[in-house]
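1. the following block contains a protein sequence and its predicted model.
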Amino acid sequence: METIYLDNNATTRVDPAVVDAMLPYFSEQFGNPSSLHQYGNRVGQALKHARQQVQSLLGAQYDSEIVFTSCGTESDSTAILSALKAQPERKEIITTVVEHPAVLALCEHLEKEGYRVHYLKVDGKGRLDLAEYQKLLSDQTAIVSIMWANNESGTLFPVVEMAEMAWQAGVMFHTDAVQAVGKVPMDLKNTKIDLLSLSGHKLHAPKGIGVLYLRRGTRFRPLLRGGHQERGRRAGTENSASIVALGKAAEMAAEALDYENTEVKRLRDKLEQGILSQVDYAFATGDPDNRLPNTSDIAFEYIEGESILLLLNKYGIAASSGSACTSGSLEPSHVMRAMGLPYTAAHGTVRFSLSRYTTEAEIDRVIEVVPDIIRQLRKLSPYWKDEAPVEETFDPAYA
Amino acid sequence: MWNYSEKVEEHFFNPRNAGELADANGIGDVGSLSCGDALRLMIRVDPQTDTILEASFQTFGCGSAIASSSALTEIIKGKTLDEALQVSNQEIADFLDGLPPEKMHCSVMGREALQAAVANYRGEEWSDDHEEGALVCKCFAVDEVLIEDTIRANNLSTVEQVTHYTKAGGGCSACHEGIEEILGKVLAERGESFNADASHSAPAASAAARVSADAEAALSRIEMPSAQPAAAVNEQAPKLTNLQRIRRIEEVIERARPSLQQDRGDIELIDVDGRKIYVKLTGACSGCQVASLTLTGIQQQMMEVLGEFVQLVPVSKAPAGVEA
């Protein structure tokens, strides 16, 4: 069966050109870049090239501002913990309720250690209130950590503007840009963003490689101490093959940026309109005006997300859901709850995330299949009868 | 993705008896939209023989909720009402070759819908003591609410005690940090602080290993830990005969009834089986949270008068063979 992969916000296919670039660094160019012989030198050169490729994608001023890490989560932890250690007199953090667990779980843990965390709320379309943010910035704030793009709804936050506001207040600014890099144009040297996290496997590089962008002059304390790798900012022998891969992937992402924002976006819009024009009681979540070009998160009322995914999977279509049942928790996704999604829809969200490999034929197939799946599940649902919800006639005394 | 059995997938993709049953004479509705799962079970009962002739369902929920509903209708068709009521949620799970622990509540929902449908057919009021929170221990499917309530009711203060009382933490021990957090929260309520070291020096050091080896067998071996809760239980109490035990249990139940009746509810003793005491909560007292607190309170009193560890089990969770 032909498979259709529309879960690129979870992870992406490693581009074959990226695989080609990294393969020599296992058995041929296997040297330790710290070594003072030709084996080491060659790898050292390759890492410098990769650093410049990432620098170019991010629009960083210096290649030394790129620190390779093992993943997005490590970059997030390093950024936040560094800010707290480097400024022990500051005890507050500002973030949002819709961050990735890489930031949220760390902040909740830090709260138990006595730090005060301010969580900015979002409105029904997933947008922040910048006036509320302005009020919270103070000389007590150690760091602001705001995601560039939300992984579920795809909503973009105005991080460039928010970094400027933080800078005015003398506060360090970090952004988790794991979902945004390669989809949103970036020119970090002309912003006030001090730290930025990215993850290789979201942009067609392998898993297990990430980057922390660290603006020159930002006060910093390493998470891992040891050798002098990454200028002492991240000890541990470099994952050279994956770094080379990420460099190549960054170069390709820069080249594909226009395509992402024109062709991928067009396919996304076609998919979304194709589904919504055929299915009643369904809507797209997030901010329609400020959204990742590849993401469409659709809430289907009166049915449950895991069931939808299982049926999609039967047709070879891979997507994901913010439903409680897909995660093993009893609550639907914190992002959907934060946006105050109606309870009729909170369990029925499905996220389609495209990539530059997505084809028109695949989108046409999904548009053809989804309405039938929704009809099939609604037919099973006690909240549904003859093409319309019957919520008022089904209301168990026990909930 | 969940590791569903082939049987679960089969019943999800090809549900049996789905849809409305036009001439149903018993309907059981449970669940809600906000909880993420809901089920309407419809049965047609032959009034002469009390036999379920037909059953059908409509379900809003995940794959295993739909599969559990389908399985339930297959299991109960042809059974008498009394036979059907003895179907446990475990049987529904077994019929499907097992469910992941996080999904066991789907089978519980099936059982509850069945009770509701039978009550509806018989013209009785049905209410339930069902309650659930976020799953803390995934090995034994123990949720936060149960752990919190048990800590409160029994004055627990260590992770090992929590494992004794609820089985939570008795398996892979990945949830111990979570249990420590709950302990910290509840202990703070009563003005104490959680001391992690205390749990390491607790008397029954191998509790976790025992419970994971055989949770049910371990439960029957559990004795009151000699920490604080022991104060409430007289370890030296003379051994009671079965009759004496049941009389004392009845006394506690009788004492509890007036206050429940004030809230338009009631409790009834169904059976005593070793350390398990089966009761049935009825009427208005079965609003989720209150019911669970009521039960743990009564359980505590029973342990005091009996001088031994007992477990109070609402009949909805009783194994097959215990009549409701």
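-> Looks like it came in fine.
2. residue of the stretch 101-250 of chain B closest to chain A, please.
-> residue B:102 (4.2 Å; C-beta to the nearest C-beta). Where C-beta positions appear, they are placed from N, C-alpha and C, glycine not excepted.
3. just the pLDDT for residue B:273.
-> Residue B:273 is assigned 83 on the pLDDT scale.
4. the residue of the stretch 101-250 of chain B closest to chain A contacts residue B:142, doesn't it?
-> No: in terms of C-beta atoms under 8 Å, residue B:102 does not count as a neighbour of residue B:142; the distance is 11.5 Å.
5. for chain B, longest helix please?
-> helix B:242-262 (DSSP state H).
6. in that helix, what's buried?
-> For helix B:242-262, burial by neighbour count (16 or more other C-beta atoms under 10 Å in any protein chain shown) applies to B:245, B:248, B:249, B:252, B:253, B:256, B:260.
7. quick one: contacts for the first one?
-> Looking back up the chat, that one is residue B:245. Residue B:245 makes contacts with B:272, B:306, as judged by C-beta atoms under 8 Å, 6 or more residues apart in numbering or on different chains.
8. now do residue 18: how many residues are near it, please.
-> You didn't pick a chain, so chain A it is. Here the number of neighbours of residue A:18 (other C-beta atoms under 10 Å in any protein chain shown) works out to 25.
9. other chain: chain B
-> Neighbours of residue B:18 using other C-beta under 10 Å come to 16.
10. could you measure from it over to chain A?
-> Distance check for residue B:18 against chain A: by C-beta to the nearest C-beta, to the nearest Å, it reads 6 Å.
11. so what pLDDT did that residue get?
-> Predicted confidence (pLDDT) for residue B:18: 96.
12. that one against residue B:42, yeah?
-> No: assessed by C-beta under 8 Å, residue B:18 is found out of contact with residue B:42, at 10.8 Å.
13. and for these two, which residues touch both?
-> By C-beta under 8 Å, 6+ apart, residue B:18 and residue B:42 have these common neighbours: B:56, B:57, B:58.
14. which two among the buried residues of helix B:242-262 are spaced furthest apart?
-> B:245 and B:260 (22.1 Å; C-beta to C-beta).
15. and residue B:210, what pLDDT?
-> So, for residue B:210, pLDDT stands at 39.
16. and residue B:172, by the same measure?
-> 82.
17. same thing with the one 4 residues further on?
-> The predicted local distance difference test score for residue B:176 is 92.
18. quick one: it and residue B:164, what's the gap?
-> Computed as C-beta to C-beta, to the nearest Å, the residue B:176 to residue B:164 distance reads 14 Å.
19. when those two are compared, which one has more neighbours?
-> The neighbour count for residue B:176 versus residue B:164, taken as other C-beta under 10 Å, is higher for residue B:164 (30 against 20).
20. could you pull out the strands in the stretch 101-250 of chain B for me?
-> B:135-137, B:142-143 (DSSP state E, counting those that start in this stretch).
21. what does the stretch 51-200 of chain B put close to chain A?
-> By the rule C-beta under 8 Å from any C-beta of the partner chain, the part of the stretch 51-200 of chain B lying against chain A is B:58-66, B:100, B:102-103, B:112, B:116, B:127-128, B:130, B:132-135, B:138.
22. what do you get if the cut-off is 6 Å, keeping everything else the same?
-> Contact residues (C-beta under 6 Å from any C-beta of the partner chain) of the stretch 51-200 of chain B with chain A: B:58, B:59, B:60, B:61, B:62, B:63, B:102, B:128, B:134.
23. list just the nearest of the residues you listed to residue A:224.
-> residue B:134 (32.3 Å).
24. give me the phi and psi angles of the closest one.
-> phi -70, psi 140 (degrees, to the nearest 10).
25. that one and residue A:142, how far apart?
-> On the measure of C-beta to C-beta, residue B:134 and residue A:142 end up 30 Å apart.
26. of these two, who's got more company?
-> residue A:142 (24 against 13).
27. how is the chain divided into domains?
-> If you meant another chain, say so; for now it's chain A. Listed by automatic domain parsing, the domain ranges of chain A are A:4-9+A:257-388, A:16-253.
28. oops, chain B please
-> As recorded under automatic domain parsing, the domains making up chain B are B:6-122, B:135-223, B:242-317.
29. show me where pLDDT drops low in chain B?
-> Scanning chain B for pLDDT under 70 picks out B:1-2, B:127-132, B:197-238, B:262-264, B:283-293, B:316-324.
30. which residue ranges of it form helices?
-> Taking DSSP H as the criterion, chain B carries its helices at B:6-13, B:63-76, B:81-85, B:89-95, B:104-122, B:144-154, B:159-166, B:176-189, B:196-200, B:207-213, B:215-221, B:242-262, B:288-306.
31. restrict the fourth one to CA atoms and write it as CSV.
-> In this case it means helix B:89-95. Output of helix B:89-95 as CSV, limited to C-alpha atoms (Å, rounded to 0.1, in the frame of the first residue of the first chain):
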residue,chain,number,x,y,z
ASN,B,89,-14.2,-5.5,33.1
GLN,B,90,-11.3,-8.0,33.2
GLU,B,91,-13.4,-10.4,31.2
ILE,B,92,-14.0,-7.8,28.6
ALA,B,93,-10.3,-7.1,28.4
ASP,B,94,-9.6,-10.8,28.3
PHE,B,95,-12.1,-11.3,25.4
